[in-house]
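Undergrad: can you look at this prediction? I've put the sequence above it.
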Amino acid sequence: MNVIKSIELVGSSSESFEEAVKHAINEAKKTLRNIRRVEVMDFEVLMENDEISLYQARIKLFFEVERS
């Protein structure tokens with residue numbers, strides 16, 4: 001029987017929301033294996049001088065817990 005764990009991450013990009021999501025997933029892949037699902041929970045932007053300076057995406061990432 002599998003056990004799935006979830007964590008929340010925030011990815012950022014100066015280009016787009018899509019790139020922010022990809023950045024969060026790619027960073028997670030550096031230390032996690034067996035990623036099963038990603039849920040995009042929220043989007044927001046940071047503003048500077050009335051312009052968008054940063055896109056952010058909050059995601060929930062689900063991965064399988066490995067047994068030893």
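TA: Yes, it's here.
Undergrad: when you work out contacts or count neighbours from here on, use the C-alpha atoms and nothing else.
TA: Noted.
Undergrad: now do the buried residues in stretch 28-40.
TA: I35, V38 (16 or more other CA atoms under 10 Å).
Undergrad: distance between that stretch and the chain's centre?
TA: 8 Å (CA atoms, centre = their mean, to the nearest Å).
Undergrad: wouldn't L9 be in contact with F43 here?
TA: No. Look at L9 against F43 with CA atoms under 8 Å: they stay out of range, at 11.9 Å.
Undergrad: mutual contacts of the two, please.
TA: R58 (CA atoms under 8 Å, 6 or more residues apart in numbering).
Undergrad: okay, and H23 sits in which element?
TA: For H23, the host element (DSSP states H and E) is helix 17-29.
Undergrad: same question for F43.
TA: F43 belongs to strand 35-48 when elements are defined using DSSP H and E.
Undergrad: which residue is nearest the middle of the chain?
TA: In the chain, the C-alpha nearest the mean C-alpha coordinate belongs to A24, at 3.5 Å (CA atoms, centre = their mean).
Undergrad: no further questions, thank you.
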